[in-house]
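A.B. asks: Coordinates for the following, if possible.
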Amino acid sequence: MAPDQKILGVISKEDKNAEIQRRLQDQEILKARKLLALATGSHRDALFIAKDIIHEQMNKVVKNGK
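C.D. replies: Numbering: from 1, shown residues only. Sure thing, here's the model as predicted:
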């Protein structure tokens with residue numbers, strides 16, 4: 001193996017490792033964004049459901065009170 005090929009092999013391996021790390025970080029970022037979107041959506045849905053339940057209960061109280 002020529003010296004140039006050894007140097008390219010070492011650089012190539014380092015670049016490969018750097019690329020693997022970058023892709024893993026990108027994947028983790030995407031997972032975190034998806035989880036955040038899911039949690040936010042679920043939280044918002046839960047708030048709307050709770051709001052609807054409270055309104056229904058208040059309407060029942062008002063109707064029964066009259």
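A.B. asks: any low-confidence regions in the chain?
C.D. replies: Low-confidence segments of the chain, defined by pLDDT under 70: 1-11, 66.
A.B. asks: all helices for it, in order.
C.D. replies: 3-65 (DSSP state H).
A.B. asks: any idea how far Ala18 lies from Ser12?
C.D. replies: 11 Å (C-beta to C-beta, to the nearest Å). Yep, even glycine has a C-beta here, placed from its N, CA and C like the rest.
A.B. asks: typo on my end, Phe48
C.D. replies: Phe48 is 54 Å from Ser12, by C-beta to C-beta.
A.B. asks: Ala50 too?
C.D. replies: Counting by C-beta to C-beta, the gap from Ala50 to Ser12 is 56 Å.
A.B. asks: buried stuff in stretch 35-45?
C.D. replies: By neighbour count on 16 or more other C-beta atoms under 10 Å, the buried set for stretch 35-45 is empty.
A.B. asks: Not counting that stretch itself, show me its contacts.
C.D. replies: Where contact means C-beta atoms under 8 Å, 6 or more residues apart in numbering, no residue beyond stretch 35-45 reaches it.
A.B. asks: roughly how far out does that stretch sit from the chain middle?
C.D. replies: From the chain centre to the centre of stretch 35-45 is a distance of 10 Å (C-alpha atoms, centre = their mean, to the nearest Å).
A.B. asks: Stretch 22-30 now?
C.D. replies: Using C-alpha atoms, centre = their mean, the distance from the centre of stretch 22-30 to the centre of the chain it belongs to is 11 Å.
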